[in-house]
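Engineer: Can you look at this prediction? I've put the sequence above it.
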Amino acid sequence: GEEAPLDEEAAMEAQTRRQTLARQKLFRDEAKKRIMRVCKQASTMLDDACDRIGQRFLSDRLPPALLEPERSLTKEALSDNNTGNHHDASKKIWPNTLCRLVRPSVARLVVEDDKAVIYHCLDNSRVYHGTPVSPMEFEIDDAPALEQLLTTVEPHWIMVKDLIHGDVEDKMGIAQALFDEGLLATILVETPDRSVQTG
């Protein structure tokens, strides 16, 4: 009969231990949640700071002086009377057009107010801040395709139809906008794929 209090004591100890472990787990879970929240906030702040530094760099720098092999693959070559490398089909972006950024680091994609915004230095003045940067705005769902175009640089190419987007017309429209802005080098290695007509 004397063992009963010991059993009771052991049971109470076990229950206290369980409650302590449960409290510790709650504390750890809550602490982890709060630390993750702080990390996420810090990461967002870091991303924003990097975007601002990138934008400032692009607005401060001189426009790139494209070399002739680079220029010959951009819209600039079309404005010359030298159309040796281009036929009429080259003025337009097709599903099978190969594209890449005309020169690494001349443009940056930033997400602002649920818009995908591209900042670039091609229109910068040779006088410091002589021309304000004029960003290009796109819908947020265009961002993956824009990112692909801005990160494909020499010696690589990406075909318009391989861009990440819902339909080919949108892919062509995005690439055409960047080409018209002078940001893309393009080549057409085969006959234009005219199965999709835009504009």
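Structural biologist: Structure's in. What do you need?
Engineer: quick one: the helices in the protein?
Structural biologist: Defined through DSSP state H, the helices belonging to the chain, from first to last, are 3-60, 68-71, 75-79, 143-151, 168-180.
Engineer: a markdown table for those helices, including mean pLDDT and distance to E137?
Structural biologist: Every C-beta, even on glycine, is put in place using the N, C-alpha and C of the backbone. Rendered in a markdown table, the data for the helices of the chain read as follows (pLDDT from 0 to 100; distance: least, Cβ to Cβ, whole Å):
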| stretch | mean pLDDT | distance to E137 |
| --- | --- | --- |
| helix 3-60 | 84 | 14 |
| helix 68-71 | 87 | 26 |
| helix 75-79 | 76 | 20 |
| helix 143-151 | 95 | 11 |
| helix 168-180 | 94 | 10 |
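Engineer: I'd like to know which of these is closest to V127.
Structural biologist: Comparison of those against V127 by Cβ to Cβ identifies helix 3-60 as nearest, at 12.1 Å.
Engineer: tell me the contacts of F179?
Structural biologist: For F179, the residues meeting the contact criterion (Cβ atoms under 8 Å, 6 or more residues apart in numbering) are 74-75, 93, 99, 186.
Engineer: Mind picking the lowest-pLDDT entry from these?
Structural biologist: Ranked by pLDDT, those bottom out at K75, which has 85.
Engineer: That residue: neighbour count?
Structural biologist: By the criterion of other Cβ atoms under 10 Å, K75 has 20 neighbours.
Engineer: for it, what are its contacts?
Structural biologist: Each residue near K75 by Cβ under 8 Å, 6+ apart is listed here: 179-180, 182.
Engineer: That one and A145, how far apart?
Structural biologist: For K75, the distance to A145 (Cβ to Cβ, to the nearest Å) stands at 19 Å.
Engineer: For A185, give the beta-bridge partners.
Structural biologist: According to DSSP bridges, the partner residues bridging A185 are R100.
Engineer: and it, how many neighbours does it have?
Structural biologist: Here the neighbour count serves as a burial measure; for A185 (other Cβ under 10 Å) it reads 25.
Engineer: 150 is where my numbering starts, stick with that
Structural biologist: Right, with 150 as the first residue, what we last looked at is A334.
Engineer: and the gap between it and L327?
Structural biologist: With distances defined as Cβ to Cβ, the gap from A334 to L327 amounts to 10 Å.
Engineer: any common contacting residues for those two?
Structural biologist: Both A334 and L327 are contacted by C248, under the criterion Cβ under 8 Å, 6+ apart.
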